[in-house]
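Engineer: Sequence and computational prediction follow.
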Amino acid sequence: MTRPILVAPDLAVSEKRTRVWDPVVRIVHWTVVLGVFANLTVLRESSDAHQIAGYIVFGAVACRIAWGLFASGHARFSSFAPTPGKVVSYFKAMREHKAPRYVGHNPAGSVMIFGLIFLLLLISVTGWMMSLDQFWGVRWVEQVHEIVANSIIVAVFIHVLAAILVSFKHKENLPLSMITGRKRPAAEGDVDNAPPAGRR
């Protein structure tokens, strides 16, 4: 597992951009965003379209899991997997207004990513169960599906708010980086927790 490293300063770092999010990560991200948004709004009461969107989201999440296990760089789960120590230290640094900038996911973001993956898998499974004769009309399945849907709404709200706040703190447009795939490379005090693209 690659250890986070503090990177030495680069006088020209502000003029550079480095690839952080590869095309698979970005395509999966926006596919999930659109699919979840559609199913929670315009497709909420449309049974067939709701199911199709749900299957697309599940397929995207499954793709991300596989990519996270075998990809290189910042896409690889092992490069940003959270541990209790990392998370506690990061939140302590946040409280003291000393949280460093991470080139990839910071520990708090890592917790959110893995949490969202779990919720998306759970809502996909319960949604699929609701389409089976065995579980058709079973109240507890419907309740779990609804609770998870509401949990996703809360998690997405927190995720978006955190991205905006971190963008302002580090003067970097995080939503835009998930479109272009590029971010400012690590400078003094920043943490680059993944090997260069193309390496494991």
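Structural biologist: Right, received. Where do you want to start?
Engineer: which residues does the residue positioned nearest the centre of the chain contact?
Structural biologist: Note on the chain: the residue nearest the mean C-alpha position is Ile113, at 3.7 Å, using C-alpha atoms, centre = their mean. Ile113 is in contact with Phe80, His105, counting by C-beta atoms under 8 Å, 6 or more residues apart in numbering. (Each C-beta comes from the backbone N, C-alpha and C, glycine too.)
Engineer: SS state for it?
Structural biologist: What DSSP: H, G, I helix; E, B strand; the rest coil gives for Ile113 is helix.
Engineer: Tell me the predicted confidence for it.
Structural biologist: Note on Ile113: pLDDT of 96.
Engineer: which one's the longest helix in the chain?
Structural biologist: In the chain, with assignment by DSSP state H, the single longest helix is helix 139-170.
Engineer: Centre of the chain to the next helix or strand after it, how far?
Structural biologist: The helix or strand immediately downstream of helix 139-170 is helix 174-180, counting by DSSP states H and E. Mean-position distance between helix 174-180 and its chain equals 12 Å (C-alpha atoms, centre = their mean, to the nearest Å).
Engineer: sorry, back to before: give me the helices and strands touching the longest helix of the chain, please.
Structural biologist: Contacting helix 139-170 under the criterion 3 or more C-beta pairs under 8 Å, 6 or more residues apart in numbering; DSSP states H and E are the following elements: helix 23-40, helix 107-130, helix 174-180.
Engineer: What is the neighbour count of Gly35?
Structural biologist: Burial of Gly35 is recorded as 22 neighbouring residues (other C-beta atoms under 10 Å).
Engineer: element containing the closest residue to it other than its chain neighbours, please.
Structural biologist: In space, and not counting its chain neighbours, Gly35 is closest to Val57: 3.9 Å by C-beta to C-beta, 6 or more residues apart in numbering. Using DSSP H and E, Val57 falls within helix 47-70.
Engineer: buried sites along the helix or strand just after that helix?
Structural biologist: Heading C-terminal from helix 47-70, the first helix or strand you meet, by DSSP H and E, is helix 77-80. Across helix 77-80, burial judged by 16 or more other C-beta atoms under 10 Å covers Phe77, Ser79, Phe80.
Engineer: again, but for stretch 83-98
Structural biologist: Of the residues in stretch 83-98, Lys86, Tyr90, Met94 count as buried by neighbour count, 16+ other C-beta under 10 Å.
Engineer: How far does it sit from its chain's centre?
Structural biologist: With C-alpha atoms, centre = their mean, you get 19 Å for stretch 83-98.
Engineer: coming back round to it: give the rounded mean pLDDT of the longest helix of the chain.
Structural biologist: Averaged over helix 139-170, pLDDT sits at 95.
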